[in-house]
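>>> Provide a 3D model corresponding to the input given below.
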Amino acid sequence: MNNFIKNTSLCILPKPLVQGALALVLMAGFCSIASAWTCVYVSSYHKGYAWSDAVERGLRKELDGKCDLIQIDMDTKRNKSELYKIRKSREVAIEIKKIKPDVLITSDDNAARYLIVPYFKGSNLPVVFSGINWTVEEYGFPAPNVTGMVEVAPVKPMLKWAQRLTGRGARGFYLGSDTLTEAKNLKHLVRIADDLNISISSALVDDTEAWQSAFKEAEGADFIILGSSAGINDWDEKSVITFVREQADKLILTNDDWMLPFSMLGFVKIPQEQGEWAAKTAIAIHQGVPIQRIPIVANRKWEIYENTLLMKLAGIKNSDVLRARTKKYIQGL
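Below is the predicted model:
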């Protein structure tokens with residue numbers, strides 16, 4: 001079975017679940033079923049993509065020893081054509097229907113758009129999503145059989161600090177890959193920036209050369225925000241680090257921890273939170289908590305990192321107030 005990973009064990013007593021709706025699992029009692037139950041996890045992306053890998057780690061940590069976990073990777077970051085997404089989703093849907101899992105877990109937007117909505121929304125299969133960016137309105141969630149965790153980046157605090165550190169911060173430039181996720185992130189960033197009287201210009205690109213060209217063309221901006229490089233298939237981290245060290249002369253920020261080698265400040269989300277929450281929710285559903293009683297929530301955890309080397313090379317000083325809250329990013333290359 002290509003791209004399928006299975007982890008099998010018997011059902012055991014669950015750990016108590018966290019605050020909020022998931023605490024309802026305590027009402028359902030402990031697991032008393034001797035045989036394992038099955039959950040399928042569908043990742044929109046691929047092994048080696050930092051976000052997906054971290055979501056998976058959080059998911060597996062909580063589900064280890066509790067269910068038969070079958071993973072399917074859709075690989076839609078590297079394969080971006082509409083035809084591929086449609087064909088792959090159909091293939092995955094057929095496989096899921098053969099498996100007949102107790103719960104379906106997904107991560108990120110493409111699984112929601114191409115898999116949940118056309119094949120499982122409104123079905124009898126409980127679906128727990130994670131990593132859908134910003135809003136689920138376009139997918140018609142919540143649905144009677146669907147709940148999950150929305151991914152929200154700490155954009156507003158990042159933009160406020162960009163204004164404060166630049167002394168003006170009226171013009172920002174957003175640079176990311178040409179993907180559905182990045183287009184969605186950009187849309188919401190522009191809306192939030194507008195509320196702060198910041199204008200945002202942008203470039204979403206397909207290759208490293210275009211990325212570097214766009215970076216150079218951001219000369220008129222007060223600061224640069226880096227979206228994800230995932231989806232740029234010829235991305236070479238070492239060469240981009242060298243490029244940024246030579247070119248950086250203004251504040252560079254990001255919301256993605258894997259972009260910290262190229263950024264000065266990172267206001268970053270914690271992907272493990274998504275996986276852990278999805279796993280605990282799946283356990284709650286299996287224990288008998290009605291999915292309709294588990295509301296859609298947003299992630300709550302984030303951290304601040306400072307790449308002191310890049311800050312020093314660009315001659316930018318961090319605020320003492322912000323520095324007290326930041327973790328130091330140690331350049332690995």
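>>> Which element, helix or strand, includes residue 272?
Of the helices and strands defined by DSSP states H and E, residue 272 is found in helix 271-286.
>>> Mind listing what's buried along that helix?
271-286 (16 or more other C-beta atoms under 10 Å). In short, each C-beta sits where N, CA and C put it, glycine included.
>>> so the spatially most central residue of the chain, which of the three states?
Residue closest to the average C-alpha location in the chain (C-alpha atoms, centre = their mean): residue 131, at 4.7 Å. What DSSP: H, G, I helix; E, B strand; the rest coil gives for residue 131 is strand.
>>> these two touch, right, it and residue 269?
No - between residue 131 and residue 269 there is no contact, the gap being 9.4 Å when judged by C-beta atoms under 8 Å.
>>> Residues that sit against both of those two, list them.
Residues within reach of residue 131 and of residue 269 at once, by C-beta atoms under 8 Å, 6 or more residues apart in numbering, are residue 151.
>>> now the helices for the chain?
Using DSSP state H, the helices of the chain run over 50-63, 82-99, 109-111, 155-166, 180-195, 208-216, 237-247, 271-286, 308-314, 320-323.
>>> just the buried residues of helix 271-286 now: which is nearest residue 150?
Nearest to residue 150 among the buried residues of helix 271-286: residue 274, at 9.4 Å, using C-beta to C-beta.
>>> any idea how far the closest one is from residue 172?
Residue 274 is 26 Å from residue 172, where distance means C-beta to C-beta, to the nearest Å.
>>> now do residue 281
36 Å.
>>> and residue 67, what does it touch?
Contact analysis of residue 67 by C-beta under 8 Å, 6+ apart lists 9, 11, 36-39, 102-103, 282-283, 286.
>>> ok, now with 7 Å
By C-beta atoms under 7 Å, 6 or more residues apart in numbering, the contact list for residue 67 reads 11, 36-39.
>>> Closest to residue 204 out of those?
For the contacts of residue 67, the closest approach to residue 204 (C-beta to C-beta) belongs to residue 39, at 34.2 Å.
>>> Can you tell me how far the closest residue to residue 316 other than its chain neighbours is from residue 225?
Sequence neighbours aside, residue 251 is the residue nearest to residue 316 in space, at 5.8 Å (criterion: C-beta to C-beta, 6 or more residues apart in numbering). Separation of residue 251 from residue 225 (C-beta to C-beta): 9 Å.
>>> Same drill for these two, tell me which one is more crowded.
A direct count of neighbours by other C-beta atoms under 10 Å for residue 251 and residue 225 places residue 225 higher, at 29 against 24.
>>> So that one sits against residue 253, correct?
Yes - here residue 225 reaches residue 253: they are 5.2 Å apart, a contact under C-beta atoms under 7 Å.
>>> Skipping adjacent residues, who's closest to residue 59 in space?
Counting by C-beta to C-beta, 6+ apart, the residue nearest residue 59 is residue 275, at 3.6 Å.
>>> Please list all residues in contact with the one you found.
Residue 275 sits next to 55-59, 130 when contact means C-beta under 7 Å, 6+ apart.
>>> For the residues you listed, could you give me TSV that also reports pLDDT, distance to residue 115 and neighbour count?
Formatted as TSV, the contacts of residue 275 follow (pLDDT from 0 to 100; distance: C-beta to C-beta, whole Å; neighbours: other C-beta atoms under 10 Å):
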residue	pLDDT	distance to residue 115	neighbour count
55	97	16	28
56	97	17	22
57	97	22	14
58	97	20	21
59	98	17	27
130	97	13	29
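>>> what's the closest of those residues to residue 328?
Nearest to residue 328 among the contacts of residue 275, counting by C-beta to C-beta, is residue 57 at 22.8 Å.
>>> So that closest one versus residue 207, what's the distance?
Distance, residue 57 to residue 207, by C-beta to C-beta: 29 Å.
>>> next one: residue 285
42 Å.
>>> got the domain boundaries for the chain?
With domains defined by automatic domain parsing, the chain comprises 4-151+271-298, 155-269+302-328.
>>> ok, of the ones you listed, where does mean pLDDT dip lowest?
The weakest mean pLDDT among the domains of the chain belongs to domain 4-151+271-298, with a mean of 86.
>>> OK, contacts around residue 308?
Going by C-beta under 7 Å, 6+ apart, the list of residues near residue 308 reads residue 328.
>>> Please apply the same query to residue 56.
Residue 56 makes contact with 43, 275, according to C-beta under 7 Å, 6+ apart.
>>> Ok, residue 47 next?
Shown in contact with residue 47 (C-beta under 7 Å, 6+ apart): 53, 73.
>>> Give me the phi and psi for it.
phi -60, psi 140 (degrees, to the nearest 10).
>>> Out of the buried residues of helix 271-286, the closest to residue 121 would be?
Distances from residue 121 to the buried residues of helix 271-286, taken by C-beta to C-beta, are shortest for residue 285, at 16.1 Å.
>>> dump the residue contacts of that closest one.
Counting by C-beta under 7 Å, 6+ apart, residue 285 makes contact with 103, 126, 291.
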